[in-house]
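Participant: Sequence and computational prediction follow.
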Amino acid sequence: MKLYVKTIAVAWLACTSFIASAETAIFAGGCFWCMESDFEKLEGVSEVISGFTGGTIPNPTYNGNHKGHYEAVEVTYDANVVSYQDLLNHFWVNIDPFDARGQFCDKGDSYLSAIFVANEVERELAEASKQKVVAEFSKQKVVTPILNTSTFYPIKGNESHHQDYYKKSAASYNFYRWRCGRDARLEDIWGDRVTH
């Protein structure tokens, strides 16, 4: 009985410890299938949800009206394992920060890249990370903005097949990613820092 109680206590402590250190961050980097795949590979990331943010239209949908919104991901992470700075570093090497028309083969406002910050600490870290990219690529214009977080709308209902698409439809996803030229372009920009 004592062993059982200890086991339950340890499990409860581990659970409350994770909850206390679980944080979220929102990033837009073009196709949310790709961003979801890229972020879920990071140790310390427990969940990545595809959705829309940044616009004013409530309840945007993929096949309906999402004007003004970015395709984005909400990343839930354990701050004891992976820091917000680590997420920023991972974000940059998984986007094309110079594309003002979208990302890779996907063009249009909803495919633009952006970092959405929830507070001043995140803003300072995001701005500093952007300045490093600007300094490294001084002959190119970094167009990725840093914006205040707004309501994040997860893809749901009859469009929920977009969640974990890279797992559910791996062959289609991999063909799309290759055809879109995402990885080739990332390697052109970031070289061996690419994480795909």
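Facilitator: The structure has been received and is ready for your questions.
Participant: okay, CA-based contacts and neighbour counts for the rest of this
Facilitator: Fine.
Participant: where does this structure have low pLDDT?
Facilitator: 1-21, 196 (pLDDT under 70).
Participant: which stretches of it form strands?
Facilitator: 22-29, 45-53, 70-78, 102-103, 106-107, 113-117, 146-148, 153-154 (DSSP state E).
Participant: And these: which comes nearest Lys168?
Facilitator: For the strands of the chain, proximity to Lys168 was assessed by Cα to Cα; strand 45-53 is nearest, at 13.9 Å.
Participant: In the closest one, which residues are buried?
Facilitator: 45, 48-53 (16 or more other Cα atoms under 10 Å).
Participant: Output the residues you listed as CSV; include the columns distance to Tyr153.
Facilitator: Listed next are these as CSV, based on distance: Cα to Cα, whole Å:
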residue, distance to Tyr153
Val45, 20
Val48, 13
Ile49, 10
Ser50, 8
Gly51, 5
Phe52, 5
Thr53, 6
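Participant: Present the strands of the chain as CSV; the columns should include distance to Asn94.
Facilitator: Output for the strands of the chain, formatted as CSV (distance: least, Cα to Cα, whole Å):
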stretch, distance to Asn94
strand 22-29, 8
strand 45-53, 15
strand 70-78, 13
strand 102-103, 10
strand 106-107, 15
strand 113-117, 10
strand 146-148, 16
strand 153-154, 21
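Participant: and of those, who's closest to Ser169?
Facilitator: strand 45-53 (15.1 Å).
Participant: what does the closest one contact?
Facilitator: 32-33, 36, 39-40, 60, 66, 69-78, 82, 150-155, 162-163 (Cα atoms under 8 Å, 6 or more residues apart in numbering).
Participant: filter the residues you listed to the buried ones?
Facilitator: Of the contacts of strand 45-53, these count as buried by 16+ other Cα under 10 Å: 32-33, 36, 39-40, 60, 66, 69-78, 152-155, 162-163.
Participant: who's in contact with the closest residue to Ile95 other than its chain neighbours?
Facilitator: Once flanking residues are discounted, Ile95 sits nearest to Gly29: 5.8 Å by Cα to Cα, 6 or more residues apart in numbering. Applying Cα under 8 Å, 6+ apart to Gly29 gives the contacts 35, 71-72, 91, 94-95, 103, 111-114.
Participant: what does Val134 give?
Facilitator: 140-142.
Participant: Pipe those residues into CSV and attach neighbour count and distance to Lys132 per row.
Facilitator: As requested, the contacts of Val134 are exported to CSV (neighbours: other Cα atoms under 10 Å; distance: Cα to Cα, whole Å):
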residue, neighbour count, distance to Lys132
Gln140, 12, 13
Lys141, 13, 13
Val142, 18, 11
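Participant: Pretty sure Thr151 sits against Gly54.
Facilitator: Yes - Thr151 is within contact range of Gly54, at 7.3 Å (criterion: Cα atoms under 8 Å).
Participant: No more questions from me, cheers.
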